[in-house]
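# sequence and predicted model, in that order:
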Amino acid sequence: LEPWQVARFREPIAAELGLPGWPHDDRRRWIEAMVANPILIERPILVTDDGRARLGRPPEAVTAIL
């Protein structure tokens with residue numbers, strides 16, 4: 001998963017930072033924003049033993065990787 005794939009764009013801080021308009025070519029910038037503002041990270045993120053990752057929403061996404 002890329003940082004922009006797990007970002008919570010509806011959070012007020014996302015709008016304040018202009019996150020929806022950020023290009024996807026600077027992963028570090030996205031990660032730094034998420035570290036500084038953890039509310040921006042959609043949760044839960046599930047990772048299987050074989051390295052596959054999915055957001056835990058909707059619940060059907062969880063059963064798809066189990």
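Nice, thanks for sending it over. Residues are numbered from 1 along each chain as shown.
# my read is that residue 40 contacts residue 19, right?
Yes. Proximity of residue 40 to residue 19 meets the contact threshold set by Cβ atoms under 8 Å, at 7.2 Å. C-beta coordinates here come from the backbone N, C-alpha and C atoms, glycine included.
# joint contacts of the two?
Each of 7, 33 lies in contact with both residue 40 and residue 19 under the rule Cβ atoms under 8 Å, 6 or more residues apart in numbering.
# please state the mean pLDDT value computed over stretch 3-21.
For stretch 3-21, the mean per-residue pLDDT is 97.
# which residues in this protein form strands?
Secondary structure of the chain by DSSP state E: the strands cover 45-47, 53-55.
# now mean neighbour count too, for those, in a markdown table please.
Output for these, formatted as a markdown table (neighbours: other Cβ atoms under 10 Å):
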| stretch | mean neighbour count |
| --- | --- |
| strand 45-47 | 13 |
| strand 53-55 | 14 |
